[in-house]
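S.K.: task: produce atomic coordinates for the following.
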Amino acid sequence: MAKHRVVLDCNVLLQAAARQKSVAASCLALAEKGLIQLFVSKEILLEIEDVLNRPEVRACFPNLSDEIAGAFLKRLQNFSDFVSNVPMTFRYARDEDDESYINLAVEVGADFIVSRDRDLLDLMTGYTDNCKEFRQRFRTLKVIEPVDLLKEIEG
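M.R.: Down below sits the predicted model:
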């Protein structure tokens, strides 16, 4: 059976880096064990690197040192599939920062974008034209929460 193709958003990656015993870390472990195929792009790697090094993030996660952040980024790159050229396929006016995740997922034919971000999750149920367009154009792509990915893989 083919592995699920997955894109994790920045908040899930941050939680996985900051808390080794978290649902987000368990999602990342699925990729590390080869149970899912995880995709990243230059934009996503740059964003997570930026977020991991923000003083306000470090204040919330005091154990998140330069060493842990650096090791996390290296580890992430070791077991993720890197996509160098991601075309702009979908514009998301509600939160343009989310476009890199959506467009990467579309480019690689992902099954899931895993997120806790309400802007992304609302693509599945929202009533705006943008949300409806997303569901119509990308019928097989689902935006789900980390715990739902774990259930999907374990099920």
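
S.K.: now do stretch 55-71, average pLDDT.
M.R.: Mean pLDDT, stretch 55-71: 95.

S.K.: which of the residues in it are buried?
M.R.: By 16 or more other CB atoms under 10 Å, the buried positions in stretch 55-71 come out as V57, R58, F61, L64, A69. Every C-beta, even on glycine, is put in place using the N, C-alpha and C of the backbone.

S.K.: measure it end to end?
M.R.: 18 Å (CA to CA, to the nearest Å).

S.K.: residues in contact with that stretch?
M.R.: Identification of contacts with stretch 55-71 by CB atoms under 8 Å, 6 or more residues apart in numbering yields L14, A17, A18, R19, E49, V51, L52, N53.

S.K.: re earlier: ok, so of the buried residues of stretch 55-71, who is nearest Y101?
M.R.: When the buried residues of stretch 55-71 are compared for distance to Y101 (CB to CB), V57 wins out at 18.4 Å.

S.K.: then the closest one would be within a strand, right?
M.R.: No: secondary structure assignment (DSSP: H, G, I helix; E, B strand; the rest coil) places V57 in helix, not in a strand.

S.K.: remind me, longest helix of the protein?
M.R.: Ranked by residue count and defined by DSSP state H, the top helix of the chain is helix 66-79.

S.K.: quick check: next helix or strand after that one?
M.R.: Proceeding C-terminally, helix 66-79 gives way to strand 81-83 as the next helix or strand, assigned by DSSP states H and E.

S.K.: and the helices in the chain?
M.R.: Taking DSSP H as the criterion, the chain carries its helices at 10-18, 23-32, 42-52, 55-60, 66-79, 99-108, 118-121, 129-137, 146-154.

S.K.: before we move on, back to that, pull out the buried residues from the contacts of stretch 55-71.
M.R.: The neighbour-count criterion (16+ other CB under 10 Å) marks L14, A17, A18, V51, L52 among the contacts of stretch 55-71 as buried.

S.K.: redo these as JSON lines? Include pLDDT.
M.R.: As requested, the buried ones among the contacts of stretch 55-71 are arranged in JSON lines below (pLDDT from 0 to 100):
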{"residue": "L14", "pLDDT": "97"}
{"residue": "A17", "pLDDT": "97"}
{"residue": "A18", "pLDDT": "95"}
{"residue": "V51", "pLDDT": "97"}
{"residue": "L52", "pLDDT": "97"}
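
S.K.: many thanks, we can stop here.
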